[in-house]
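**Student:** Got a predicted model here, sequence first, then my questions.
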Amino acid sequence: MRSHQSQSAWLTVQMTAIALVLGAAQTGAKENLKTESRAPYLHHIPLRDNQGSLITMPKSTTQPWRGNPYSTARSCSECHDYSRIGNGWHFNAAREGVPAGRSGEPWILTDPLSHTQLPMSYRGWKGTFKPSDVGIESKMTDADFLNAFAHHLPGGGVGEPAKADERTLKPGPFQVDCLICHEASGHYSHELRYMDALKGGKLAQAASAAAGFGTVPLSGPQIAYDRRRFDSESKVSVDLTKSVHNERCYYCHTANTVMGEEKWHSDRDVHVRAGMLCVDCHRNGEEHMIVRGYEDEATQRIVTPDMINLRIPQLMRINPSLTKEQATTLAENELRAERSRIRSLTCRGCHVGVDSKDENGQRFAADMGGRLGAPRPLHRGLPPLHLEKLSCTACHSGPRPEAEAQPVQTAMNHKLGLPGQLRAENTPPLIVQPVFLRVGDVITPHRMVWPTYWGRINKEGVIVPITPAEIDTLINDKSLLPDPPAEEQARDPYMARPLTDEQITKILSALAEDRTKDQPVFVTAGLVFRLADGKLHVQSKDKDGREFAAARPYAWPFAHDVRPAGQSLGATGCAECHSKDSPIYFGTVTARGAVDFDRGVRKAMWELRGDDRLVASTFAWTFVFRPMLKYVSFASAVVVAGVLLYYGLMGLGAITCRARNQQGRP
Amino acid sequence: MTMTTDQIIQKSTPPRPPASGPLRITFLGQLAYLVLFAATLVLAATGVFWAWLVQGKPMHGWVLMIHAAFAPVFAVALAVVSLTWADRARFACRRSLQRASARVLFWVLLLLGLTMILSGVLPMTPIFGTDGQVALYLTHRYCGMAIAVVIVLHLLSLIRVR
């Protein structure tokens, strides 16, 4: 008996040891599993829930199958380094120590009732608000941010607990949804993701619903799995691609200038029309630090620990004698040297090329220009100075500028990609483009939005926004803005109708009732509204004659859609920019907000750039004489050339005559 | 009777009046030269001194406008100078008061001036692409520097004669 027991114990020990060895080997193998092929790998994989347990189909087919939502952090990290991917550009906005980079599109907090439109970002771009900047008594939280913007957030970031940042891989409720970009079959449903899950705050269930693995029950944190998606081993087949389709990018990065029924006139981006993918230029390594593609990016880009950690195994495999420290240093040096290579993924880098040399003094092939077959621009008749003063996008991107900057709708802020009633030009948030501002010394087209919010101005003159929820409660509790008639509600579902002075006065008066608090103000369209002696006062400048910092617009450069050369700015001549009514100098930009259009602060492009109007207008005026300058110069050149030719021939004749005479010929 | 070509020309051309005194530059020629000199100074001051030596970058704003305003003045003055001075600057002209060095500098001035006008105005036409534009720009810059030196030397050579 004892013998049997000891044998059994020994067997158990042996089995455990084998299992451990196999398990370790398996784990190790999984970490390094790569196909290294350009052929896509068919993901026929098991799913795991947030606790790491396999999601297994019950044997009984009659039994309803409900289970925990699948976890990307657990399922995908079998082969991919989820924690490092989770620090990529799309997910790292709220992380400490991440360089903000050039200003980008903010999330615009839009509240129809209070007419709030507030540009927000965790990156700290000047002119944007962080959630902690919004609210006086009660601050906006990360959860509020998620509720407001989850519809287009890819997950990760603030959707996961801070522990995830410490590589402990403790997944949070709103994990990075890998499939939102990498699903290739086109069956990923953003509508189900939002309407069935995110809208109801069911963050953890969103990925399962969107991928079609199951549906979100009316109640409970589980998923009603669809058996048809699973095989007998409880595995699912998912069509995933590294070459992310443009349609995936467009879900978040669509920008429509041509709206509504006229949309079919839009040509879209010339690169896309030529068959390119967004990710052909906006590339990334496994660390998902996607190339944004602007010219200074190479200098602003940091080498992250994730990049280094991903490179170390490769270096140690190439040179097994390297220590971890040596490999770390080498990886960091290599990655720093490689940063400059992303310059070839800018417009200029791809079409013209950039100067670069590797350690052997050789130029990288990618830096020679013509990457991916990009044609080298001729720019006939364009003085080279323009290539230093203007970004490529100034002439080639967005709609052709008009006398007034035009409204634009973006996916992130107008929920494009989700079904909704027809969005119109005045559907908030109100963003305009192109606004030609300088980035450094270079004129670059921007999109611009003016903050609209209710706030309180403190003794230092600083205006702090009140949360929209607080204002909505006030408006509803005191019936300050009675519901419009049903007919108007149907016609104006986005509540885009501007506020009247009377309505603003009502709300400000209600806010002013609590005299223990700072004076309430309403900021919109570059203006600050406040009550003084019971009357509404509107100011565009503070007591020092400066613009209210709190009312200043936020602007960010844009680059798409790119127009073909024939439609670029200047294609028909210099006067497109150098004339007294050229949009790039004298086009107007009217601040848009919750008041009538003609009340907004209006500025010309030169004014927004801080240019000298006299110089700009005089320079434009001189182009009236430009044809005359050409004619006079050419005529003078012809005269001088004629004189040179005439006397040159005479001199030549004299020389030949003299030579002839010296030879004694008649 | 057969005649040589020279004999035919001599027979058909009326006899020239006898040479009388040195050939001087006309008032128009002198005025044009003065204007040319002044325009060159302004162009060199804006294009070479201010933009290249002081700023170290291409002209812009008022400086560019001044430069562009004096460019046609230079071109016209150079054309008039070429018409009024060329005959006196011939190397075979024995009645001219100009020294050989002045005559050489004059022709160099015309050549550089022509190059400068063309390199200044051709970029305004849709002929040259970026590479050509850069070449023209550099040509314009270096011609400008050379012409500023040549015109000063030319003036000095004229003054020495006087």
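**Tutor:** Looks like it came in fine.
**Student:** Please pull up the helix or strand immediately following the helix or strand bottoming out on mean pLDDT in chain B.
**Tutor:** Ranked by mean pLDDT, DSSP states H and E, the helix or strand of chain B with the weakest confidence is helix B:5-12, at a mean of 56. Counting by DSSP states H and E, the next helix or strand C-terminal to helix B:5-12 is helix B:27-43.
**Student:** what does the average pLDDT come to for the longest helix seen in chain A?
**Tutor:** Using DSSP state H to define each element, chain A has its longest helix at helix A:626-662. For helix A:626-662, mean pLDDT rounds to 91.
**Student:** counting contacts, what elements does it pack onto?
**Tutor:** Using 3 or more Cβ pairs under 8 Å, 6 or more residues apart in numbering or on different chains; DSSP states H and E, the elements in contact with helix A:626-662 are helix B:61-85, helix B:100-121. In this view, the C-beta of every residue, glycine as well, is placed from N, C-alpha and C.
**Student:** Where do the domain boundaries of chain A fall?
**Tutor:** A:1-30, A:39-105+A:122-263, A:264-385, A:626-666 (automatic domain parsing).
**Student:** Where among those domains is average confidence lowest?
**Tutor:** domain A:1-30 - the lowest mean pLDDT of the domains of chain A, at a mean of 44.
**Student:** Residue A:292 is nearest to which of the helices and strands packed on helix A:626-662?
**Tutor:** Across those, residue A:292 has its closest neighbour in helix B:61-85 (32.1 Å, Cβ to Cβ).
**Student:** what does that closest one rub up against?
**Tutor:** A:612, A:615, A:618-619, A:622, A:628-629, A:632-633, A:635-637, A:639-640, A:643-644, B:25-26, B:28-29, B:32-33, B:35-36, B:39-40, B:42-43, B:46-47, B:50-51, B:59, B:106, B:110, B:113-114, B:116-117, B:120 (Cβ atoms under 8 Å, 6 or more residues apart in numbering or on different chains).
**Student:** closest point of the stretch 451-600 of chain A to chain B, which residue?
**Tutor:** residue A:574 (7.9 Å; Cβ to the nearest Cβ).
**Student:** what number of residues lie near that residue?
**Tutor:** 16 (other Cβ atoms under 10 Å in any protein chain shown).
**Student:** Is it correct that it is in contact with residue A:626?
**Tutor:** Yes. Using Cβ atoms under 8 Å, residue A:574 makes contact with residue A:626 at a distance of 6.7 Å.
**Student:** any shared contact partners between these two?
**Tutor:** residue B:124.
**Student:** on that earlier part again, most packed of the domains of chain A?
**Tutor:** domain A:39-105+A:122-263 (a mean of 18; mean count of other Cβ atoms under 10 Å in any protein chain shown).
**Student:** gap between the two ends of that one?
**Tutor:** By Cα to Cα, to the nearest Å, the extent of domain A:39-105+A:122-263 from end to end equals 36 Å.
**Student:** Also stretch A:81-96?
**Tutor:** End residues of stretch A:81-96 are separated by 20 Å (Cα to Cα).
**Student:** who touches it?
**Tutor:** Here stretch A:81-96 has contacts from A:72-73, A:76-77, A:98, A:121-123, A:142, A:154-158, A:160, A:164-165, A:167, A:169, A:175-176, A:178, A:284, A:286-290, A:292, A:304, A:306, A:309-310, using Cβ under 8 Å, 6+ apart.
**Student:** do stretch A:476-486 as well
**Tutor:** A:113, A:474, A:475, A:489, A:492, A:497, A:503, A:506, A:507, A:510.
**Student:** Of these, which is the nearest to residue A:602?
**Tutor:** residue A:497 (21.0 Å).
**Student:** mind listing what that closest one touches?
**Tutor:** A:484, A:488.
**Student:** does it sit in a helix, a strand or a coil?
**Tutor:** Assigned by DSSP: H, G, I helix; E, B strand; the rest coil, the conformation of residue A:497 is coil.
**Student:** so what's residue A:315 up against?
**Tutor:** So residue A:315 contacts A:322, A:327, A:330, A:331, A:334 (Cβ under 8 Å, 6+ apart).
**Student:** Also within reach of chain B: list those from those residues.
**Tutor:** When those are checked against chain B using Cβ under 8 Å from any Cβ of the partner chain, none falls in range.
**Student:** between these, which is nearest chain B?
**Tutor:** residue A:334 (33.7 Å).
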